[in-house]
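In: With the sequence up front, the predicted model follows.
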Amino acid sequence: MGSAERLKAAATCVSHLIVVCISYVSASCVYISYRVATFDPDMRLIIAVLYSVLTPLLNPFIYSLRNKELQDAMKRAFCKYSVASHAVRITVPSISS
């Protein structure tokens, strides 16, 4: 197995692990929060929303980052933005009385 195949396999594995960790950590926190009497109910709600909304929202983003075309497009967009931000100079005319 060459290094390119290993990197591709590692990228796939890492993206899966990120999604699984978000799911299990959030679910565990909600489960434990019912066992702790002093746990804030609002925080329990935030964690439950994180568990049920964040993972499905992150899935397309995480898996599309492995796409070479998307990586190139993001590099072009961010490089263009950083170059443009340094090149713009704003001149303010002075007001003489």
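Out: Done, it's in.

In: C-alpha only now, for contacts and for neighbours.
Out: OK.

In: residues of the strand or helix carrying residue 33 that come out buried?
Out: Using DSSP states H and E, the secondary-structure element containing residue 33 is helix 3-35. Using 16 or more other C-alpha atoms under 10 Å as the test for burial, helix 3-35 gives 15, 19, 22, 23, 26, 27, 30, 33.

In: And the third one, how far from residue 60?
Out: Distance, residue 22 to residue 60, using C-alpha to C-alpha, to the nearest Å: 15 Å.

In: likewise the last one?
Out: Counting by C-alpha to C-alpha, the separation of residue 33 from residue 60 is 29 Å.

In: which one of the buried residues of helix 3-35 sits closest to residue 3?
Out: Compare each of the buried residues of helix 3-35 with residue 3 using C-alpha to C-alpha and the shortest gap goes to residue 15, at 18.3 Å.

In: Tell me which residue is most central in this structure.
Out: By C-alpha atoms, centre = their mean, the mean C-alpha position of the chain lies nearest to residue 58, the distance being 6.5 Å.

In: what sits against that one?
Out: residue 19 (C-alpha atoms under 8 Å, 6 or more residues apart in numbering).

In: Is it within a helix or a strand, and which one?
Out: Using DSSP H and E, residue 58 sits within helix 55-64.

In: How about residue 42?
Out: With elements delineated by DSSP H and E, residue 42 resides in helix 41-49, which encompasses its position.

In: by contact count, what packs against that helix?
Out: Using 3 or more C-alpha pairs under 8 Å, 6 or more residues apart in numbering; DSSP states H and E as the contact test, the elements touching helix 41-49 are helix 3-35.

In: Quick one: mean pLDDT over the helix it packs on.
Out: Confidence over helix 3-35, taken as the mean pLDDT, stands at 80.
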